[in-house]
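Colleague: Sequence plus the predicted model coming up.
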Amino acid sequence: MSRIHANIIFGVCLMVLAVVMYAFTFQFPEHTLAFSPKKFPRFVSICLFLLSALLVWQGIGEQRKAAPPPGKSGAGVERAFLMRLGIAILISYAYTRFLPLTGYVAATPFFIAGIMILFKERNWVKIAATSVITTGALYILFRIIFKVPLPRFALF
Amino acid sequence: MAIMEGFLHVLHPMHFPFLLLGVVLGITVGALPGLTASVGIILLLPFVFNLDVGTAMVMLCGAFCGGIYGGSISAILIATPGTPSSAATVLDGYPLAQKGEAGKAIGVATIASTIGGILSTFCLMFFAPKLAGIALQFGPVEYFGLTVFGLTIIASVAGKSLTKGLIAGILGMLIATVGIDPVEGYARYSFGIPNLMGGFSLLPVLIGVFAISQIFLQLEEVGKKEFKKFNQKVGKVLPSLKEIKNIFPIIISSSFLGTFIGIIPGTGGTIASFLAYNEAKRWSKNPDSFGKGNIKGIAAPEAANNGTTGGAMVPLLTLGIPGDVVTAVMLGCFMLVGLKPGPLLFKEHPEVVAAIFAGLLLANVLILLLGFVSVKVFPKVLMVPSALLFPVIFALCFLGSFSLNNSTYDMFIALVFGIIGYIMSKNGYPAAPLVIGVILGPIAEDALARALIISHGDWSTLVGSPIAVFFYVISAISVMYSLKRKLTHKE
């Protein structure tokens, strides 16, 4: 997707977001004082709509000026990277979901190992050592030094 | 006398190690391309909750100064600035390193950064209390005008596209409207979800937008390129007395230039360093030697970029307006530790202000000591592989987010904002305006609400104060100037 197309698509998406956010303000209560909970969000939504419309207009203007690209347009993102990014997000989401159940000590080494593999580390000794040492170091820092309670195993 | 108390606080054996830790971490993170001084400060945030406020701010100030200096190390050794404000240092730093004088280049950068930082701190100590005294007279109308001015800084830090910068800022303001409204306590945009009633905590937003998004960006670079490995021998560090005497005038003038630039909101280290470099070259008897390893070409930008540290703290401490991207993050840090920057900070927490002044001075002294003592150690940071570094930082980011409220919800928010920050970054939407919008939006709404309630809904009250009108006028000038600058750049 070219930069110009991205500008137009994002602009349209932001305009939709602005409309949706504005629409929700009708559920907010009417003001009893000189200022109500809906005023500021409405002002911000209108600004977002106008700026997004400007972005779309600029994108359309640039599209008319730009020569058609020969073949596939540039500024694309590699498919392999998109897969890595998707997996990184999935691993991260799984970490946030399973942390309260499995506990910090059980979940964190796997999270770190997973991310290291995505960064193309293939030395299993390094992966294991880094995961365990980092988990331990962060445990000492947060649990013991700063006394932040960390999640414990709670599956059964 | 207050500053002496500040020194006593910072030099206390229970507090000094935190300043040292802040400076060391700041230099380390600043030296790593891909991580900026802002990220270094954000990574310290989870730790500062467990410290007293004065020590927390001193640690963050240490990271601020260290981070700005640290960028020079990678700029000199591998021609890749660790922070944007060290971009100008590459021009003469790398050629000098290639001549086998990497040590001297780092030594010059260290001396220049130290002097720049110390001079700017003295300026901060002189100007800030005076400006705070004026700002004490501000009421809601003046504060609203001030936040409008602060929000127009978005236009200045917007990067390449003014429209995208403004959109990022407005998005930040919209994000900040989620949760309990400041006037009637109504939970906006909560959709019945209890977690959303409190809105989005600032720490996970900062961690996501600045740190996690960077990790995603680094994931894209995997296998594509490794940073240039430096192969220069880092030898003699201390320049000769004659060389120091030669660069001293340029260091002093660049320090003041950096301080002045830093005071102007929306500018920052990058502009200051390039301006200083250009001026040094312009006034040089031998301008052709610039770009080929002239030590003045290192001293000028480094003195200027560290000169912005004290300068940028002036509007931050006195008015609560960030001077640049990094102080926008610092503003968030202040709020997170429960301090509201502004004139009342000087009245209600003079001991914290004194500690910050003392901390900034001592941080720059530590930069001098660490820069010379550890000159062979810090460059080794550049050899840490991404596969080792970024997963550890990722884990730290998540744990830091969790530690705020002992809640995995904050980890989830950090992840979501990491994705948002990544998408923004890939499409040219700068992150700093988003953060400025998140922080200043609620302040603007609160000031506006109070002004209208006091005036019984009379909107003309907003232009009834000459100070507020002054802020509106300079806001308009700031936006128009930014627009003109960007249009001129396009031509």
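Modeller: Here it is on my side, so go on.

Colleague: Grab the nearest non-local neighbour of B:Gly323.
Modeller: What sits nearest to B:Gly323 in space, not counting adjacent residues and going by C-beta to C-beta, 6 or more residues apart in numbering or on different chains, is B:Ala312, at 3.0 Å. Just so you know, the C-beta spots here come from the backbone N, C-alpha and C atoms, and that holds for glycine as well.

Colleague: how close does the spatially most central residue of chain A sit to A:Ala113?
Modeller: Centre of chain A computed as the mean C-alpha position; nearest residue by C-alpha atoms, centre = their mean is A:Ile89, 8.4 Å away. Going from A:Ile89 to A:Ala113 by C-beta to C-beta, to the nearest Å gives 17 Å.

Colleague: before we move on, what about B:Met424?
Modeller: Spatial separation of B:Met424 from A:Ala113 under the definition C-beta to C-beta is 29 Å.

Colleague: can you check A:Val20 too?
Modeller: In this view, A:Val20 and A:Ala113 are 40 Å apart by C-beta to C-beta.

Colleague: Between the two, which is the more surrounded one?
Modeller: The residue with the greater number of neighbours, taking A:Val20 and A:Ala113 and applying other C-beta atoms under 10 Å in any protein chain shown, is A:Ala113; the counts read 21 against 10.

Colleague: And that one, which helix or strand is it part of?
Modeller: Secondary-structure element containing A:Ala113, defined by DSSP states H and E: helix A:104-118.

Colleague: helices or strands next to that helix in the packing?
Modeller: Packing partners of helix A:104-118 (3 or more C-beta pairs under 8 Å, 6 or more residues apart in numbering or on different chains; DSSP states H and E): helix A:79-102, helix A:124-139, helix B:386-405.

Colleague: Those: which one's closest to B:Ala276?
Modeller: B:Ala276 lies closest to helix B:386-405 among the helices and strands packed on helix A:104-118, at 31.2 Å (C-beta to C-beta).

Colleague: buried set for the closest one?
Modeller: Of the residues in helix B:386-405, those with enough neighbours to count as buried (16 or more other C-beta atoms under 10 Å in any protein chain shown) are B:386-404.

Colleague: now swap in stretch B:459-476 and tell me
Modeller: In stretch B:459-476, counting by 16+ other C-beta under 10 Å, buried: B:Thr461, B:Leu462, B:Ser465, B:Ile467, B:Ala468, B:Phe471, B:Tyr472, B:Ile474, B:Ser475.

Colleague: Which members of those additionally contact chain A?
Modeller: Of the entries in these, not a single one is placed beside chain A under the rule of C-beta under 8 Å from any C-beta of the partner chain.

Colleague: what two of those residues are the furthest from one another?
Modeller: B:Thr461 and B:Ile474 (19.8 Å).

Colleague: so how far is the helix or strand harbouring B:Ala300 from its chain's centroid?
Modeller: Secondary structure assignment for B:Ala300, by DSSP H and E: helix B:296-319. A distance of 10 Å separates the centroid of the chain from that of helix B:296-319, by C-alpha atoms, centre = their mean, to the nearest Å.

Colleague: Packing partners of the next helix or strand after that helix?
Modeller: Secondary structure here is assigned by DSSP H and E; on that basis, the next helix or strand after helix B:296-319 toward the C-terminus is helix B:325-336. Here helix B:325-336 touches helix B:37-48, helix B:53-78, helix B:202-206, helix B:296-319, helix B:431-454, going by 3+ C-beta pairs under 8 Å, 6+ apart.

Colleague: Can you name every helix or strand that the first one contacts?
Modeller: Looking back up the chat, that one is helix B:37-48. Using 3+ C-beta pairs under 8 Å, 6+ apart as the contact criterion, the neighbours of helix B:37-48 among helices and strands are helix B:16-31, helix B:53-78, helix B:202-206, helix B:325-336, helix B:386-405.

Colleague: which regions of the stretch 201-350 of chain B sit below the pLDDT cut-off?
Modeller: Regions of the stretch 201-350 of chain B meeting the criterion pLDDT under 70 cover residues B:223-235, B:266.

Colleague: Kindly report the residues of it close to chain A.
Modeller: Near chain A, the residues belonging to the stretch 201-350 of chain B are B:Phe216, B:Gln218, B:Leu219, B:Glu220, B:Val222, B:Gly223 when assessed by C-beta under 8 Å from any C-beta.

Colleague: Great, nothing more from me.
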